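Sequence plus predicted model, see below.
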Amino acid sequence: MSVGTGTQTRETGPVDVRITTRAELALHGVRLEAPVRRPDGAGPSDDGHVLVDGANAALPRNPDSPYSVRDGRVWLGDDDTGLTLTAVRRPRFYDLTTADGIPYEHIARLHGADVLATTVVQTCIRYAESDRCRFCTIEESLRSGATVAAKTPAQLAEVAEAAVRLDGIRQMVMTTGTTTGPDRGARNLVRSVRAVLEAVPGLPVQVQCEPPADLLWIRELHEAGATAIGIHIESLDEAVRRRWMPGKSTVPRAEYEAAWDEAVRVFGPNRVSTYLLVGLGEDPDELVAGAGKLIDRGVYPFVVPFRPMGGTLAARDGAQAPSAALLRHVTEGVAAKLRAAGMTGADQRAGCAACGACSVLRAAGG
């Protein structure tokens, strides 16, 4: 078949129907009310959390989707796709509040069936419209009252302990808005990881931040107990970076490369990851080739479809998600390189790649 990429067309191999269906679900969602959802934040989309064939999946809740769920199976009209789907139940820790009255859900949220996720600092120095990443709404959840601006280490430890005890949480993800200091948010992550692991020893934790200006912070994060680290560039194309991430793109690609290399040295191969968004206009074959170079570095390229989320500059300006054919083409290409290198998202132990919900990579064998 062919993959449309603007004015370009590329020939691809035989279509794997299950991967195509999974790509369609990731982009167009399903007619289903999900008790666990993520309405806004740093991206990439407004999703409901479900299990597809037993694996974590974050799918748009779309009343106009051609896909529906009956008797625990996904249907396309009157056709059974062969995929199973169950909604993730609302966790019990959501019913609790801190001593000062803050709902636990405002401090950390369930992602998938077994991942606790939090944005430690919910503000970002790059959130002015001229600097903001066009797919990001990190401060919108703060403005809506769904979270608090800064989570303390003690609050995170309290919520993590309850989530593990009550709901069987198996890993945690800590991200942060970029802060003004040269650590770019790493300092707060170090304190938070230490506190959580004092409360829940052995819990795998991934941290996520921009490349620290001082790479010693990567060692500090590891020594605090973090299992894995995400240093997210979103696109390897400089023109795309400038257009979609005007503030973040001022951090040179060379700083990302230095941070990835230091992180692999400190955390080990396949304990470092970076987001790559499909659908920002990057040439798909160049994206796959660039992902291969990341894999050679020991960095897991977590390929995720861009889906315009309400409240983003992208949605305001009418940006559209990529086609399912394009998403499948990139996902299968990257998954093949991951398999050849013996890298899987599960081996990260914690983080977005280990969860896998926002991507189709796991369905493609990555």
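Structure's in. What do you need?

Which stretches in the stretch 251-366 of the chain count as helices?
253-267, 284-297, 313-316, 324-341, 352-355 (DSSP state H, counting those that start in this stretch).

Which strands or helices does the strand ranked longest in the chain pack on?
Longest strand of the chain, by residue count under DSSP state E: strand 79-87. With contacts taken as 3 or more C-beta pairs under 8 Å, 6 or more residues apart in numbering; DSSP states H and E, strand 79-87 sits against helix 17-28, strand 47-52, strand 73-76. (Glycine included, C-beta is placed from N, CA and C.)

Residues contacting that strand, please?
Strand 79-87 has contacts (C-beta atoms under 8 Å, 6 or more residues apart in numbering) with 18, 21-22, 25, 30, 32-36, 48-54, 57, 67, 69, 72-75.

Please produce TSV containing the helices and strands packed on strand 79-87, extended by mean neighbour count.
Putting those into TSV (neighbours: other C-beta atoms under 10 Å) gives the following:
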stretch	mean neighbour count
helix 17-28	22
strand 47-52	23
strand 73-76	18
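
Make a markdown table from the ones you listed and add distance to F267 and mean pLDDT to it.
What follows is those, written out as a markdown table (distance: least, C-beta to C-beta, whole Å; pLDDT from 0 to 100):
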| stretch | distance to F267 | mean pLDDT |
| --- | --- | --- |
| helix 17-28 | 28 | 92 |
| strand 47-52 | 27 | 90 |
| strand 73-76 | 36 | 96 |
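
Next, format those as JSON lines and append distance to R109.
Shown next, in JSON lines, are the helices and strands packed on strand 79-87 (distance: least, C-beta to C-beta, whole Å):
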{"stretch": "helix 17-28", "distance to R109": "20"}
{"stretch": "strand 47-52", "distance to R109": "9"}
{"stretch": "strand 73-76", "distance to R109": "25"}
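
Looking at these, which is nearest to L110?
strand 47-52 (6.9 Å; C-beta to C-beta).

Just the C-alphas of the longest strand of the chain, formatted as CSV.
Extracted C-alpha coordinates of strand 79-87, given in CSV (Å, rounded to 0.1, in the frame of the first residue of the first chain):
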residue,chain,number,x,y,z
ASP,A,79,-17.3,-6.4,12.3
ASP,A,80,-15.4,-7.8,15.3
THR,A,81,-11.9,-6.5,15.0
GLY,A,82,-10.5,-9.3,17.2
LEU,A,83,-9.3,-6.9,19.8
THR,A,84,-10.4,-7.0,23.4
LEU,A,85,-11.0,-3.8,25.4
THR,A,86,-11.8,-3.1,29.0
ALA,A,87,-11.9,0.3,30.8
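
the inter-axis angle of that strand versus helix 17-28?
When axes from the mean of the first three to the mean of the last three C-alpha atoms, to 10 degrees is applied, the directions of strand 79-87 and helix 17-28 differ by 60 degrees.

quick one: L197 from A213, how far?
Distance of L197 to A213, given as C-beta to C-beta, to the nearest Å: 26 Å.

Can you get me a residue count around T97?
Number of residues near T97 (other C-beta atoms under 10 Å) recorded here: 13.

Correct me if wrong: it contacts P103.
Yes - the pair T97 and P103 passes the contact test of C-beta atoms under 8 Å, sitting 5.2 Å apart.

show me the contacts for I233.
Contacts of I233 by C-beta under 8 Å, 6+ apart are 241, 253, 256, 274-276.

Write a ChimeraX command that selects only the buried members of these.
To isolate the buried members of the contacts of I233 in ChimeraX, using 16 or more other C-beta atoms under 10 Å:
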select :241,256,274,275,276
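
Same list as before, the contacts of I233 that is, but in JSON lines and with distance to R328 included.
Below are these laid out as JSON lines (distance: C-beta to C-beta, whole Å):
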{"residue": "R241", "distance to R328": "24"}
{"residue": "R253", "distance to R328": "27"}
{"residue": "Y256", "distance to R328": "27"}
{"residue": "T274", "distance to R328": "21"}
{"residue": "Y275", "distance to R328": "18"}
{"residue": "L276", "distance to R328": "15"}
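
first vs last residue of stretch 53-72, how far apart are they?
10 Å (C-alpha to C-alpha, to the nearest Å).

what comes up buried for that stretch?
So stretch 53-72, judged by 16+ other C-beta under 10 Å, has buried residues 56-62, 65, 67, 69.

Stretch 205-225 now?
Judged by neighbour count using 16+ other C-beta under 10 Å, the buried positions of stretch 205-225 are 205-212, 215, 217-218, 220-222, 224-225.

List the contacts of stretch 252-266.
Contact with stretch 252-266 is made by 211-213, 215, 218-219, 222, 229, 231, 233, 236, 238, 271-272, 274, 294, 297-299, as judged by C-beta under 8 Å, 6+ apart.

go on, stretch 278-288?
3, 5-6, 8, 10, 234-237, 240, 243-244, 276, 303-307, 320-322, 326-327, 329-331, 333-334, 337.

Could I get the average pLDDT for it?
For stretch 278-288, the mean pLDDT works out to 98.

ok, now stretch 337-353?
Stretch 337-353 comes out with an average pLDDT of 97.

first vs last residue of that stretch, how far apart are they?
End-to-end for stretch 337-353, by C-alpha to C-alpha: 15 Å.

circling back: of the helices of the stretch 251-366 of the chain, flag the one that's most buried.
helix 352-355 (a mean of 28; mean count of other C-beta atoms under 10 Å).

elements contacting it?
Against helix 352-355 (3+ C-beta pairs under 8 Å, 6+ apart) you get strand 171-175, strand 205-208, strand 272-278, strand 299-305.
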